[in-house]
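Got a sequence here, can you build the structure:
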Amino acid sequence: MATLMPPGEMQFLDANGDPLANGTVTFYVPNTTTLKNTWQDAGQSILNTNPVVLDSGGFAVIYGSGTYRMIVKDADDNLIYDKETASTPELSVDNIQYY
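As a prediction, this is how the structure comes out:
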């Protein structure tokens, strides 16, 4: 099952702190240029486009499974950053600590 990539609805910003309107986020297997799927829901039933196109506010809903190479570009295809990221662990009774 896919988990929400922190945070679930992500907002991407440019170097000036402005929303990256109509930018893109492309997901790859880490250290490669092999595309890797992300989804619009935790059940992995609605596949995102790859690259994910950000809305006018720079937002997108992205669920993933495992680690990713994430390349973010602005609407003019200029590189904003190229980083490795990972989905959050799926919560279960076995990995919750009570205090």
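
what secondary structure does the most centrally placed residue in the chain sit in?
Most central in the chain under Cα atoms, centre = their mean is Ile62, positioned 4.8 Å from the mean C-alpha point. Three-state call for Ile62 (DSSP: H, G, I helix; E, B strand; the rest coil): strand.

measure it to Asp76 for me?
From Ile62 across to Asp76, the span is 22 Å (Cβ to Cβ, to the nearest Å). For the C-beta atoms, the positions are set from N, CA and C on the backbone; glycine is no exception.

And Asp82, by the same measure?
Relative to Asp76, Asp82 is positioned 17 Å away (Cβ to Cβ).

who's more crowded, the two?
Comparing Asp82 with Asp76 by other Cβ atoms under 10 Å, the one with more neighbours is Asp82, at 12 against 7.

Where does the prediction get shaky in the protein?
Filtered on pLDDT under 70, the chain yields the residue ranges 1-8, 88-99.

repeat that with 90
Along the chain, the parts satisfying pLDDT under 90 run over 1-10, 14-15, 41-43, 63-65, 85-99.

Where do the helices of it begin and end?
Counting by DSSP state H, the chain forms no helices at all.

Make sure Asn50 is actually in contact with Thr33.
No. Between Asn50 and Thr33 there is no contact under Cβ atoms under 8 Å: 11.8 Å.

beta partners for Cys13?
Small correction: residue 13 is Leu, not Cys. Beta-bridge partners recorded for Leu13 (DSSP bridges): Pro19.

Check the contact between it and Gly23; I expect there is one.
No. Here Leu13 does not reach Gly23: they are 9.6 Å apart, not a contact under Cβ under 8 Å.

Settle it for me: which of those two has more neighbours?
Each of Leu13 and Gly23 has its neighbours counted (other Cβ under 10 Å); Gly23 has more, 24 against 13.

pretty sure the more buried one is in contact with Lys73, am I right?
Yes. The pair Gly23 / Lys73 is scored as a contact, 5.9 Å apart, by Cβ under 8 Å.
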